[in-house]
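> sharing a model prediction with you, sequence too.
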Number of protein chains: 2
Amino acid sequence: MTILKRTVIYVSDGTGITAETLGHGLLSQFEGIEFKPLRYPFLDSEDKARECVARINEVKQSEGVHPIVIMTQTNAEFSSILHQADAFFIDLFDTFIVPLEKELGSRYSRAVGRSHGQANPEYNSRIAAMNFALAHDDGVSDADLKSADIILVGVSRSGKTPTSLYLSLQFSLRAANYPLIPEDFERGHLPSRLQPFRGKLYGLTIDPEQLQRIRFERRPNSKYASLDNCRYEVAAAEKMMKREGIKWFDTTSRSIEELAVQLMQELNPGH
Amino acid sequence: MTILKRTVIYVSDGTGITAETLGHGLLSQFEGIEFKPLRYPFLDSEDKARECVARINEVKQSEGVHPIVIMTQTNAEFSSILHQADAFFIDLFDTFIVPLEKELGSRYSRAVGRSHGQANPEYNSRIAAMNFALAHDDGVSDADLKSADIILVGVSRSGKTPTSLYLSLQFSLRAANYPLIPEDFERGHLPSRLQPFRGKLYGLTIDPEQLQRIRFERRPNSKYASLDNCRYEVAAAEKMMKREGIKWFDTTSRSIEELAVQLMQELNPGH
């Protein structure tokens, strides 16, 4: 199959992250097309708007197809300059914000720092949760386990660290990790420090062959990375989780985003 | 000012993360309104669609105003069931995807794992970048500095770790950190290991009083957290960065998202 290439241009008077995240979500579902991103964040003057239009038109000229422009521009004057470009527009402001203002009876305003800024309690709790996840990666004190919202268990390299970081950044969850190691399997019971926290324990597991590949990159030719050992650890961890009634998820073909959302659903079954 | 409360409901046949990120970006700019989120991810059956409609209508009944429903639902049948609910809809699929299909001459399909899944090279490079950032937090080998896309320097707790993690997760950048410590200031020159990498060095600085508060939470009543010491370290770090020609950013009133986008602009000035 030939891969077509298209340019996607993110334009914003803010960071452009809302536009870019939407773009990733929408465009990645079109098979056979590779999207090349250009970014115009902090577009806050007429000059910058005209420069951006010139660039969009250049891309159109050289590629012969419309660039996809995804924009969140709150300034009406700059927005109307931008719309003169020869492109396919996804304009989040015009499309959604004007009707939202009517529905909410309130004005949308691009106040610096309101969405992500440090005066925002939601922002601060996300950063606190990320610091928690970073500080409590791979083994933690009992006090820390107690204050965690969720504790992920699983063998080394089963995906605990990226999943807990994502849970913290996206959902402000205080996520701790606890690695299951061969000594835990020999003892034949859940590490005693985890016993009081069954209600917030979730397991991660992974296909032993994929685990072997991941571990091999870190420590080639070690017992740690051998397929036999990976098979043993995964089987022993799954057996323990089953016996202890810990719900677990297979990370082999799930992204951290999917895992994080599924774990959120488990924690808040009534949403 | 009275804070109004509105319920926002994220509905998706996928994770709902695209919808939720858009929601955060849009709704956080309406001052004086607090939005309470409900989430219906993985909505993939008629039953779930009807259950969701019932819940939306309940919210409308009890609150007396329309819930804001933000949805990415690719199944036309479930979508039309959902639209029977009494709500204000932001429907990303109907609004953007149908016209995009026309423009791109390609069909949008909700293939599991395409956007975020592990078979996706873009996903894999994001995870690799995050692992790099985690492994290279606070001091790294020369080989690692060499392979980094960007190296952030600054005093302890100036924001290097969250910024580099965000750069990795959002932009797949291999971001390393290098802390500037009092010994570096006494020596009076940039740590020699950093010398070869001036082209990708960026500094972070922070208001000394805010630094004092952050450090105090970690180590109360230490010299490390004293205001005098914070003032000294920040001034010495800024002096060094100025002398060495390292461009720096103040993290005091910038979010990690804003910082990350500004650093991306520095790295790719021509986008």
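Structure's in. What do you need?
> just the helices in chain A please.
Remark: helices assigned in chain A by DSSP state H are A:17-27, A:46-63, A:76-82, A:92, A:98-104, A:121-135, A:142-147, A:160-171, A:182-187, A:208-218, A:227-244, A:256-267.
> relative to chain B, which of the ones you listed is closest?
Minimum separation from chain B across these (Cβ to the nearest Cβ) falls at helix A:17-27, 2.9 Å. (Glycine included, C-beta is placed from N, CA and C.)
> buried ones in the closest one, by neighbour count?
Along helix A:17-27, these residues count as buried under the neighbour rule (16 or more other Cβ atoms under 10 Å in any protein chain shown): A:17-27.
> tell me the average confidence for that helix?
Here helix A:17-27 scores 84 as its mean pLDDT.
> residues near A:Ser222, how many?
Using other Cβ atoms under 10 Å in any protein chain shown, A:Ser222 has 11 neighbouring residues.
> give the contact list for it.
A:Ser222 sits next to A:Arg215 when contact means Cβ atoms under 8 Å, 6 or more residues apart in numbering or on different chains.
> how about it, phi and psi?
As for A:Ser222, its main-chain torsions (degrees, to the nearest 10) stand at phi -100, psi 160.
> for A:Pro99, give me its contacts.
A:Pro99 is in contact with B:Phe88, counting by Cβ under 8 Å, 6+ apart.
> and if we set it to 10 Å?
By Cβ atoms under 10 Å, 6 or more residues apart in numbering or on different chains, A:Pro99 lies in contact with B:88-90.
> relative to B:Phe88, how far out is it?
A:Pro99 is 8 Å from B:Phe88, where distance means Cβ to Cβ, to the nearest Å.
> on that earlier part again, just the closest of the contacts of A:Pro99 to B:Pro67, please.
B:Phe88 (7.2 Å; Cβ to Cβ).
> that closest one - how many residues pack around it?
18.
> who are the contact partners of A:Ala76?
Taking Cβ under 10 Å, 6+ apart as the definition, contacts of A:Ala76 comprise A:93-94.
> for the closest residue in space to A:Ile90 that isn't next to it in sequence, list each beta-bridge partner.
Nearest non-adjacent residue to A:Ile90, counting by Cβ to Cβ, 6 or more residues apart in numbering or on different chains: A:Ile70, 4.5 Å away. Beta-bridge partners recorded for A:Ile70 (DSSP bridges): A:Tyr10, A:Ile90.
> ok, back up a step: restrict the buried residues of helix A:17-27 to those near chain B?
Among the buried residues of helix A:17-27, the residues lying close to chain B (Cβ under 10 Å from any Cβ of the partner chain) are A:17-27.
> let me know the closest of these to A:Arg107.
Comparing these against A:Arg107 with Cβ to Cβ places A:Thr18 closest, at 17.9 Å.
> correct me if wrong: the closest one contacts A:Ser12.
Yes. Applying Cβ atoms under 10 Å, one finds A:Thr18 in contact with A:Ser12, separated by 7.5 Å.
> does the lowest-mean-pLDDT helix or strand in chain A come close to chain B?
Least confident helix or strand of chain A, by mean pLDDT, DSSP states H and E, is helix A:121-135 with a mean of 78. Yes. If you take Cβ under 10 Å from any Cβ as the test, helix A:121-135 does meet chain B, through A:122-123, A:126-128, A:130-131, A:133-135.
> hmm, back to that, lowest average confidence across the helices of chain A, which one?
When the helices of chain A are compared on average pLDDT, helix A:121-135 comes out lowest at a mean of 78.
> relative to helix B:208-218, how tilted is that one?
Comparing the axes of helix A:121-135 and helix B:208-218 via axes from the mean of the first three to the mean of the last three Cα atoms, to 10 degrees yields an angle of 50 degrees.
> in helix A:121-135, which residues are buried?
Within helix A:121-135, the residues that qualify as buried are A:123, A:126-127, A:129-134, counting by 16+ other Cβ under 10 Å.
> show me what that helix is packed up against.
If you count contacts as 3 or more Cβ pairs under 10 Å, 6 or more residues apart in numbering or on different chains; DSSP states H and E, helix A:121-135 packs onto helix A:142-147, helix A:160-171, strand A:175-180, helix B:160-171, helix B:208-218, helix B:256-267.
> again, only this time at 6 Å
Here helix A:121-135 touches helix A:160-171, going by 3 or more Cβ pairs under 6 Å, 6 or more residues apart in numbering or on different chains; DSSP states H and E.
> quick one: the helix it packs on to chain centroid distance?
Its chain's C-alpha centre and that of helix A:160-171 lie 8 Å apart, by Cα atoms, centre = their mean, to the nearest Å.
> hmm, who's touching it?
A:129-130, A:133, A:137, A:152, A:154, A:173, A:175, A:177, A:204, A:256, A:259-260, A:264, B:130 (Cβ atoms under 6 Å, 6 or more residues apart in numbering or on different chains).
> now with 7 Å, please.
A:126, A:129-130, A:132-133, A:137, A:150, A:152, A:154, A:173-175, A:177, A:204, A:256-257, A:259-260, A:263-264, B:127, B:130, B:134, B:165 (Cβ atoms under 7 Å, 6 or more residues apart in numbering or on different chains).
> any idea how far apart the tips of stretch A:222-230 sit?
11 Å (Cα to Cα, to the nearest Å).
> grab the nearest non-local neighbour of A:Ala225.
With Cβ to Cβ, 6+ apart as the measure, A:Arg215 is the residue that lies nearest to A:Ala225, at 3.8 Å, once sequence neighbours are left out.
> pretty sure the one you found is touching A:Ser226, no?
No. The criterion here is Cβ atoms under 7 Å, and A:Arg215 misses it with A:Ser226 at 8.6 Å.
> the two: who's more crowded?
Comparing A:Arg215 with A:Ser226 by neighbour count (other Cβ under 10 Å), the higher total belongs to A:Arg215, at 21 against 14.
> got the contact list for the closest residue to A:Val234 other than its chain neighbours?
Once flanking residues are discounted, A:Val234 sits nearest to A:Pro208: 4.7 Å by Cβ to Cβ, 6+ apart. A:Pro208 makes contacts with A:227, A:230-231, A:234, as judged by Cβ under 7 Å, 6+ apart.
> try A:Arg50
A:Arg50 is in contact with A:Ile81, counting by Cβ under 7 Å, 6+ apart.
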